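[1] quick one, fold the following:
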Amino acid sequence: MINRVVIIGRITRDLELKKTNTGRAVISFTVACDNLAKDANGNKTASFIPVTAWNQPAEFLAKYAKKGSLVAVEGRLSQRTYQRKDGTNASVLEVIADTVNLLDSKSNGNSTNSNVDNSGYEEDKPSNADNDLIADLADDDLPF
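    Alright, predicted model coming up:
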């Protein structure tokens, strides 16, 4: 069976690098990807895809990427469930990044790429407070 995903889009918010109890770097972010379909008024629509990067890709992103950066992410889909603070169950479908490339031009200050293999890692799950990946963005926060 194959579980591979490639997405290209813009990072929707500034990134924050976190460390697990074992010292592994992790960063969670959302990528906004334009859809081919338009809404009823003919306006562009977008999908907001949650992504998690571990170790070297996470450290690379924290150093070079920012809100609005154009990225190519390659990885796999992962579905996990957790219990919210109010006791209800939730399910998250996210991309676990194996490689991340910055696609911005040199004039935008981002010309570095990361082709770091992140497969075979031992996943540390973030705390439940970090699991709510639903973006609540105002129109002003959209990178396009």
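[2] can you map out the helices along the chain?
    55-64 (DSSP state H).
[3] strands of that one, residue ranges please.
    Here the chain has its strands, by DSSP state E, at 5-11, 18-19, 25-38, 44-54, 70-83, 89-102, 113-114.
[4] which stretches of this structure have low pLDDT?
    106-144 (pLDDT under 70).
[5] pull out the buried residues from stretch 72-85.
    Within stretch 72-85, the residues scored as buried using 16 or more other CB atoms under 10 Å are Val73, Glu74, Gly75. Placement of C-beta: from N, CA and C, glycine included.
[6] now the second one: how far from Asp104?
    What that stands for is Glu74. Remark: distance between Glu74 and Asp104 (CB to CB, to the nearest Å) = 17 Å.
[7] ditto for the last one
    Look at Gly75 and Asp104: by CB to CB, they are 20 Å apart.
[8] the first one too?
    For Val73, the distance to Asp104 equals 14 Å [CB to CB].
[9] who's Val6 bridged to?
    Glu74 (DSSP bridges).
[10] looks like it contacts Leu77 (just checking).
    No - contact criterion CB atoms under 8 Å: Val6 and Leu77 do not qualify, at 11.4 Å.
[11] most remote residue from the chain's center?
    Residue distances from the centre of the chain (CA atoms, centre = their mean) peak at Asn41, which lies 28.7 Å from the mean C-alpha position.
[12] what's the closest non-adjacent residue to the residue most central in space within the chain?
    Central residue of the chain (CA atoms, centre = their mean): Val51, 2.6 Å from the mean position. Counting by CB to CB, 6 or more residues apart in numbering, Val95 is the residue found nearest to Val51 once chain neighbours are left out, at 4.6 Å.
[13] residues near that neighbour, how many?
    If you count neighbours by other CB atoms under 10 Å, Val95 ends up with 20.
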